[in-house]
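Participant: quick check, what structure comes out for this input:
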Amino acid sequence: MKPLKIKSIDNSYSTQAINLIIEIQQNEFRTSITINDQPDLFEIEDYYMQKGGNFWGAFIENELVGTIALANFGNSNGAVRKMFVKESFRGKELGIAQELLNELISFSSAHNITDLYLGTIDVFKAAQRFYERNNFTIINKEELPVSFPLMNADNLFYHLNIK
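Facilitator: Predicted coordinates for the structure are as follows:
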C-alpha cells in the first residue's frame, strides 16, 4: 500500500473533487444529485475556508481518493460535508475515511468548533455505520441549528459533540 497523504485542498482541485464525488453519488449510488446541487464544489475557498472551515483531500501517489469538508456555520458549530472515498480505497484496512474524519475533528478542536452536524442520504448505509462507530448520534431534522447548511437530498441527520 502506497503512503496516504491528507492535505487541505483549494479551488485548483475542484475538478478532481467534482469527478470523484459525482461518480460516487450518481454512478455508484444512483442518486439524482447533480453538480448544480453542489455549487460549493466550484468555490471551495469561498464556501469553506473563508468562513473558518476547510476542505481536505486524501491522496495516494497524487491521486485524489477521498474528500471531507468542514463548513463553519457559527456558534461553535460545524457541518461535515463531502465525505467520500473512492470505492476501491474504502474499508477499515486502509482507514482513509477514519483519517479524513480525524483530520476534521482535530481542525475543529483547534478552531473552537465543539459541535459537528451532518446530513446524509439513507442509501449511504456504510456511511451511517461509520458515523455511528465514531459516536455521531442520529437526530431529527428539527434538532439541527437554524443556520445549518441543508442539502435538499439529505434525509438523515447526525450530531457529535467533541468537547
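
Participant: ok, now how distant is the residue nearest to Glu87 when sequence neighbours are not counted from Gln128?
Facilitator: Spatially, and ignoring its direct neighbours in sequence, Glu87 is nearest to Glu28 (6.2 Å; C-beta to C-beta, 6 or more residues apart in numbering). Just so you know, the C-beta spots here come from the backbone N, C-alpha and C atoms, and that holds for glycine as well. Using C-beta to C-beta, to the nearest Å, we find Glu28 at a distance of 16 Å from Gln128.

Participant: show me which of those two is the more surrounded one.
Facilitator: Set Glu28 next to Gln128 and count neighbours by other C-beta atoms under 10 Å: Gln128 wins out with 17 against 12.

Participant: for the more buried one, grab phi and psi.
Facilitator: Note on Gln128: backbone dihedrals following degrees, to the nearest 10 are phi -60, psi -50.

Participant: hmm, Leu156 and it touching each other?
Facilitator: Yes: taking contacts as C-beta atoms under 8 Å, Gln128 lies within contact range of Leu156: 6.8 Å.

Participant: joint contacts of those two?
Facilitator: Common contact partners of Gln128 and Leu156 (C-beta atoms under 8 Å, 6 or more residues apart in numbering): 120, 122.

Participant: okay, how far is it across stretch 46-58, tip to tip?
Facilitator: 21 Å (C-alpha to C-alpha, to the nearest Å).

Participant: ditto for stretch 131-144
Facilitator: End to end - C-alpha to C-alpha - stretch 131-144 spans 17 Å.

Participant: now it: buried residues?
Facilitator: 131, 136, 144 (16 or more other C-beta atoms under 10 Å).

Participant: quick one: secondary structure of the closest residue to Gly119 other than its chain neighbours?
Facilitator: Nearest non-adjacent residue to Gly119, counting by C-beta to C-beta, 6+ apart: Asp154, 3.1 Å away. Following DSSP: H, G, I helix; E, B strand; the rest coil, the label given to Asp154 is coil.

Participant: quick check: which ranges of the protein have low pLDDT?
Facilitator: 1 (pLDDT under 70).

Participant: okay, the longest helix along the chain in CSV with CA atoms only?
Facilitator: Longest helix in the chain, counting residues (DSSP state H): helix 96-110. The C-alpha trace of helix 96-110 is given here as CSV (Å, rounded to 0.1, in the frame of the first residue of the first chain):
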residue,chain,number,x,y,z
ILE,A,96,-8.9,6.6,4.7
ALA,A,97,-12.3,7.7,5.9
GLN,A,98,-11.1,7.5,9.5
GLU,A,99,-8.0,9.5,8.8
LEU,A,100,-10.1,12.2,7.0
LEU,A,101,-12.6,12.4,9.9
ASN,A,102,-9.7,12.5,12.4
GLU,A,103,-8.2,15.5,10.5
LEU,A,104,-11.6,17.3,10.5
ILE,A,105,-12.1,16.7,14.2
SER,A,106,-8.5,17.9,15.1
PHE,A,107,-9.1,21.0,13.0
SER,A,108,-12.4,21.6,14.7
SER,A,109,-11.0,21.3,18.2
ALA,A,110,-8.2,23.7,17.3
